[in-house]
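>>> All I have is the shape, not the residue letters:
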């Protein structure tokens, strides 16, 4: 009988960990762990570049940035009159984009045959990434980083059944994130 109670205790504890508010955190944490694990396991293979490591770091940075933004937005929305307890989820179009500097060369040669006036034109174009020495080896030079774009926001709150609260929250999220209101969903918390 004790083993059944003990087994039931584990089930209750696991069920408690994977409640609605915790599962997203665990999925994000698992994703970050997989990214770091893949870098450790496959980082030394031939063909692994500093650019791949850098894009992995940027993806982790974007995930961390979204979590921070969700936290700040949650704190702000909880101060809206009538909102009560709030949970926020932000989705992104992409994890951002890194634009690398390129060395581009073009050459045009024109020759003209004097006897019949025929012109011959040859164009050549060459483009390659600029590689620089860094502390951990050679890496491409980053020209710019394009921040990830917010795709949508879901807000679940205790006051989500009041149309006035929904309007206040929708307007606030729209202004803070620069989103159109059709990308924002506000609903009542269970």
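Looks like it arrived, so ask away. Predicted, not measured: the structure shown is a model, and the values here were computed from it.
>>> Run a quick neighbour tally on residue 33.
Residue 33 sits with 10 neighbouring residues when counted by other C-beta atoms under 10 Å. Backbone N, C-alpha and C define where each C-beta goes, glycine included.
>>> please renumber so the chain begins at 789
In the new count, where the first residue is 789, that last one comes out as residue 821.
>>> and residue 871, how many neighbours does it have?
For residue 871, using other C-beta under 10 Å, the count is 23.
>>> and what of residue 800?
Residue 800: 10 neighbours (other C-beta under 10 Å).
>>> Check the average confidence over the strand or helix carrying it, would you?
According to DSSP states H and E, residue 800 maps onto helix 790-805. When pLDDT is averaged over helix 790-805, the result is 61.
>>> ok, the nearest residue to residue 888 once chain neighbours are set aside to residue 936 distance?
Once flanking residues are discounted, residue 888 sits nearest to residue 928: 4.4 Å by C-beta to C-beta, 6 or more residues apart in numbering. Using C-beta to C-beta, to the nearest Å, residue 928 is found at 20 Å from residue 936.
>>> what's the answer for residue 867, then?
26 Å.
>>> between those two, which one's more packed in?
residue 936 (20 against 9).
>>> residues contacting the more buried one?
With contacts defined as C-beta atoms under 8 Å, 6 or more residues apart in numbering, residue 936 is in contact with 850, 853, 854, 880, 881, 882, 883, 884.
>>> which one of those is nearest residue 872?
residue 854 (23.3 Å; C-beta to C-beta).
>>> Is that closest one located within a helix, as I assumed?
Yes: assessed by DSSP: H, G, I helix; E, B strand; the rest coil, residue 854 belongs to a helix.
>>> ok, and the closest non-adjacent residue to it?
residue 878 (5.3 Å).
>>> ok, the one you found - how many residues close by?
A count of nearby residues for residue 878, using other C-beta under 10 Å, gives 20.
>>> unless I'm mixing things up, it is touching residue 861, no?
Yes: using C-beta atoms under 8 Å, residue 878 is in contact with residue 861, at 7.4 Å.
>>> Residues that sit against both of these two, list them.
Joint contacts of residue 878 and residue 861 (C-beta under 8 Å, 6+ apart) are 941, 965.
>>> The residue nearest to residue 888 and residue 921 touch, don't they?
No: with contact defined as C-beta under 8 Å, residue 928 does not count as touching residue 921 (11.6 Å).
>>> dump the residue contacts of the residue lying closest to residue 966 once chain neighbours are set aside.
Distances taken as C-beta to C-beta, 6+ apart place residue 938 nearest to residue 966, at 8.0 Å, with adjacent residues excluded. Residues near residue 938 by C-beta under 8 Å, 6+ apart: 878, 879, 880, 881, 965, 966, 967, 971.
>>> Among the residues you listed, which pair sits farthest apart?
That would be 879 and 966, which, of the contacts of residue 938, are the farthest apart (C-beta to C-beta) at 15.0 Å.
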